[in-house]
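Colleague: can you look at this prediction? I've put the sequence above it.
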There are 2 protein chains.
Amino acid sequence: MDYQTTADEFLAWLRTQIPLINHMGVKPLQYDGHSLVMAAELAPNINDKGTGFGGSLATIATLCGWSMVTLYRREQGFDNDVVIHTSELEYLSPITGDFAAHVSLPDAEALAVFDAKMAERGKGRLALEIEVRQQEKVALRLKGNYVAMEKKR
Amino acid sequence: MDYQTTADEFLAWLRTQIPLINHMGVKPLQYDGHSLVMAAELAPNINDKGTGFGGSLATIATLCGWSMVTLYRREQGFDNDVVIHTSELEYLSPITGDFAAHVSLPDAEALAVFDAKMAERGKGRLALEIEVRQQEKVALRLKGNYVAMEKKR
């Protein structure tokens, strides 16, 4: 399956699983097998100052990283449970228009360690850095530790 | 004005300012002038595992702390802009029912430093720890640094 079809089907599935994102103006995903962009409209995500609500930015960033891990495992043929364990967020500038979370998979060495843990223990941890940007401006940086595990039967 | 009326009017105002929270099953606030509880229903906040969506928990926690700072300043007679600057989140256990974010103001010494900065510079920082709990179980701990500042004219 080509990457865009994978991404479209993934987002359609997400919309059935996480009802909140249907109220966040999420746009079609951009996905190339290594990087993922999750964009959203400003209007449903404004705050009292007319700028991007911090909770919305944190949600889109957290979900973008979660989706990257989930898609990576699915590409490898595994349907795992993925959860976020810890995150550190730095809000750098206000958002005044539509915005997008950007994430890429880590380098091959980090992926190999993760893959080995998944194979050996059925559980592994992946650290990702997600940026929420309005065009070129970085508004939020999120460092997240995600844990994937085999689904409980 | 009694605290419950203050809290009810504050939430009614929040609903007009941050549209997303109208899709999160937020319940009436509990407020006593020193502590704030922001509770929400699980159903609109579920994820693919049928448990609480990490983005929803992060949003309610972030907003609970933000509301505490905003209410504190309003009680003192100031209508400031408040933003979150940094946060550290630790997801401790899954949520399987309705949940609530809990926050309290810091001790008198920390508040005095914050008040002095606001008076001297029109800007100050307050560190808060927010817990999201399902009954007694702590599901998420968020350490947030909030910045209050005089509104730009």
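Modeller: Here it is on my side, so go on. Numbers count the residues shown, from 1 in each chain, chains lettered A, B, ... in the order given.

Colleague: in chain A, which helix has the most residues?
Modeller: Among all segments of chain A classified by DSSP state H, the helix with the greatest residue count is helix A:54-75.

Colleague: do the helix or strand following that one and chain B meet?
Modeller: Toward the C-terminal end, the helix or strand that comes next after helix A:54-75 (DSSP states H and E) is strand A:81-91. Yes: for a cut-off given as C-beta under 8 Å from any C-beta of the partner chain, strand A:81-91 has contacts with chain B, namely A:81, A:83-91. (Glycine included, C-beta is placed from N, CA and C.)

Colleague: neighbouring strands for strand A:81-91, and are they parallel or not?
Modeller: When sheet partners are counted by DSSP bridges, strand A:81-91 sits next to strand A:137-149 (antiparallel), strand B:81-91 (antiparallel).

Colleague: dump the last one to CSV, restricted to CA.
Modeller: What follows is strand B:81-91, C-alpha atoms only, in CSV (Å, rounded to 0.1, in the frame of the first residue of the first chain):
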residue,chain,number,x,y,z
ASP,B,81,-2.9,37.1,30.6
VAL,B,82,-1.7,33.7,31.7
VAL,B,83,0.3,31.2,29.6
ILE,B,84,2.0,27.9,30.2
HIS,B,85,5.7,28.0,29.5
THR,B,86,7.0,24.5,30.3
SER,B,87,5.6,21.3,31.6
GLU,B,88,6.8,17.8,32.6
LEU,B,89,4.3,15.0,32.4
GLU,B,90,4.4,11.5,33.9
TYR,B,91,1.7,9.1,32.9
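
Colleague: pull out the buried positions in it.
Modeller: Buried residues in strand B:81-91, defined by neighbour count with 16 or more other C-beta atoms under 10 Å in any protein chain shown: B:81-84, B:86-87, B:89, B:91.

Colleague: now do the end-to-end distance for stretch A:20-27.
Modeller: Across stretch A:20-27, the terminal residues are separated by 14 Å (C-alpha to C-alpha, to the nearest Å).

Colleague: just the element for the closest residue in space to residue A:118 that isn't next to it in sequence, please.
Modeller: Sequence neighbours aside, residue A:124 is the residue nearest to residue A:118 in space, at 4.4 Å (criterion: C-beta to C-beta, 6 or more residues apart in numbering or on different chains). Here residue A:124 is covered by strand A:123-134, with elements defined by DSSP H and E.

Colleague: wait, residue A:131 sits on residue A:101?
Modeller: Yes: contact criterion C-beta atoms under 8 Å: residue A:131 and residue A:101 qualify, at 7.1 Å.

Colleague: these two: which has the busier surroundings?
Modeller: Regarding residue A:131 and residue A:101, a neighbour count based on other C-beta atoms under 10 Å in any protein chain shown identifies residue A:101 as having more, with 27 against 17.

Colleague: could you count how many residues lie near the closest residue to the more buried one other than its chain neighbours?
Modeller: Spatial nearest neighbour of residue A:101, excluding adjacent residues (C-beta to C-beta, 6+ apart): residue A:64 at 3.7 Å. Counted with other C-beta under 10 Å, the neighbours of residue A:64 add up to 24.

Colleague: which residues does residue A:64 contact?
Modeller: Residue A:64 makes contact with A:36-38, A:101-103, A:130, according to C-beta atoms under 8 Å, 6 or more residues apart in numbering or on different chains.

Colleague: try it again with 10 Å
Modeller: Listed by C-beta atoms under 10 Å, 6 or more residues apart in numbering or on different chains, the contact set of residue A:64 reads A:29, A:36-39, A:100-103, A:128, A:130-132, A:142, A:144.

Colleague: one more: residue A:6?
Modeller: A:29, A:31, A:33, A:71, A:74-75.

Colleague: return, as residue ranges, the portions of chain A with sub-threshold pLDDT.
Modeller: Scanning chain A for pLDDT under 70 picks out the ranges A:153.

Colleague: what does the nearest residue to residue A:44 once chain neighbours are set aside show for phi and psi?
Modeller: Closest residue to residue A:44 apart from its sequence neighbours, by C-beta to C-beta, 6+ apart: residue A:25 at 4.4 Å. For residue A:25, the backbone dihedrals (degrees, to the nearest 10) come out as phi 60, psi 40.
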